[in-house]
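# give the three-dimensional model of this entry:
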Amino acid sequence: MIVEILATGNEVVDGDVVNSNASWLALRMREAGFEPRFHSAVPDDEGLIAAALRQAVVRADVVLVTGGLGPTVDDLTLEVAAKTFGRPLEVHEESLRRIRGFFERLGRKIGPNQEKQALLPKGSTPLPNDVGTAPGAYWVEGRAHLAFFPGVPKELHEMFRRHFLPRVSGLSGGAVLARKTLHCFGMPEGQLDQDLRPLLDERRELDGVKLGFRVRFPTIDLRLWCSDKDRATAEARVAAAAQKIYAKVGEGVFGEDEVRLEEVVGRLLLERGKTLATAESCTGGLLASLITDVPGASRYFLEGVVTYSNAAKVRQLGVAAATLDARGAVSAEVALEMARGIRTRSGADFGVGITGIAGPEGGSPEKPVGTVHIAVAHPGGEWEQRFLFPFDRLRFKQLAAAAA
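Predicted coordinates for the structure are as follows:
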């Protein structure tokens, strides 16, 4: 069944508020076997809300409307819906009792503005608000199932889960959604798409599994999903598609679902019983910050230093002044000496050194802005590589830290 999500409110249309409700509702409905197809937003204008509602009930089977149920003059949504569909507003006594009880518990008197929230369209079913005051409303208009929710996310979430979804869950035909997200790093989005195209059919599906790309800089999410009446079948298809992608992309995929790149690094270190220390220049401590964002990082991360100046590199890490003079701070030689220095100083199994040019100034034809050298010293030897990340300072730092 096709779903439309309609947000009302000047604050949403003007961009003052990010419409997180729409993405949350779309995901929940997709998980329940529905097909979110339309997202709309209109300001607090009676004519525009009415037009959007009339359009929605024609093109969608389920219409979810958010916002405009509160006590203020610009909360028009239910009033407009009542007029649009010829359903006069009526006082819903149980909702009014709940609202009065809510304010009594706060030691406050209820006023006409709050009582207004108990006015619901004739023939509608109230959706109780267990964490706020304004109830929602649900009814069937023609072929469309209409539901109205508060714009406050916490109130919307509880109302949707407890009072709306159980009413409509059977409408999806029993379809269930299986999904998986593969996290990729080390290749551009276009290259990833090009590599995967031979696996896809004319519908851009992989054996019945849909694919979608989402850039979450500096990584790329590859979303896989499949609907089927049998959950095991859907999950098996998604798992098989993921394996084909792993075979095609290889180490370009570093994890699945909720895992982050720094969590993968931490898990690998723990599995091998190894420790890590970092020496950073151009990333300003971002690598150490990412590593320590993971709970339990103290089991493998020993220390990190930021040696931004040449003097700090010499004093803290033992980088040779002669190397700095001969090769410059941004060089393979200095990155390697930084990695060796932090490994020796900390006693870690792995020492990482990063040095580069974040810009916008400081570049040269030989070492343009965005140049970065990353080195690793470890018991089995050393590794170093030069990269070029020609972005603004923030994205340069994010990408360099992720690469390290």
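
# what's around Gly380, how many residues?
By other CB atoms under 10 Å, 7 other residues sit near Gly380. Every C-beta, even on glycine, is put in place using the N, C-alpha and C of the backbone.

# same check on Pro121?
Counted with other CB under 10 Å, residues neighbouring Pro121 total 23.

# the residue nearest to it when sequence neighbours are not counted sits in which helix or strand?
Distance criterion CB to CB, 6 or more residues apart in numbering; nearest residue to Pro121, sequence neighbours excluded, is Arg87 at 3.7 Å. In the assignment (DSSP states H and E), Arg87 maps to no helix and no strand.

# hang on, Arg87 packs against Leu119?
No: at 11.1 Å, Arg87 does not count as touching Leu119 under the criterion of CB atoms under 8 Å.

# by contact count, what packs against the lengthiest helix in the chain?
The longest helix of the chain (DSSP state H) is helix 231-249. Packing contacts for helix 231-249, counted by 3 or more CB pairs under 8 Å, 6 or more residues apart in numbering; DSSP states H and E, involve strand 176-184, helix 189-196, strand 205-206, strand 209-216, strand 219-228, strand 253-256.

# buried residues in it?
By 16 or more other CB atoms under 10 Å, the buried positions in helix 231-249 come out as 234-235, 237-238, 241-242, 245, 249.

# with stretch 246-260 instead?
Residues of stretch 246-260 classed as buried under the neighbour-count rule (16+ other CB under 10 Å) are 249, 252-255.

# still on that earlier bit, and the residue nearest to Pro121, how far from Gly68?
Arg87 sits 16 Å away from Gly68, going by CB to CB, to the nearest Å.

# now do the SS call for the nearest residue to Arg393 once chain neighbours are set aside.
Once flanking residues are discounted, Arg393 sits nearest to Ala358: 4.6 Å by CB to CB, 6+ apart. Three-state assignment for Ala358 (DSSP: H, G, I helix; E, B strand; the rest coil): coil.

# so where's this structure shaky on pLDDT?
174 (pLDDT under 70).

# grab the most central residue of it for me.
In the chain, the C-alpha nearest the mean C-alpha coordinate belongs to Arg216, at 7.8 Å (CA atoms, centre = their mean).

# what pairs with that one across the strands?
Counting by DSSP bridges, Arg216 is bridged to Thr219.

# got the contact list for the residue nearest to Pro121?
Contact analysis of Arg87 by CB atoms under 8 Å, 6 or more residues apart in numbering lists 81, 121-124, 139.

# just the ones of those residues in strands?
121, 139 (DSSP state E).

# could the contacts of Arg87 go into TSV alongside distance to Phe396?
Below are these laid out as TSV (distance: CB to CB, whole Å):
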residue	distance to Phe396
Ala81	50
Pro121	55
Lys122	60
Gly123	59
Ser124	54
Trp139	54
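
# buried among the contacts of Arg87? Make that a ChimeraX selection.
To isolate the buried ones among the contacts of Arg87 in ChimeraX, judged by 16+ other CB under 10 Å, type:
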select :81,121,124,139
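
# going by distance to Gln316, which of the contacts of Arg87 wins?
Checking those against Gln316 with CB to CB, the nearest one is Ala81 at 66.0 Å.

# which element is Ala51 on?
helix 46-59.

# no further queries at this time; thank you.
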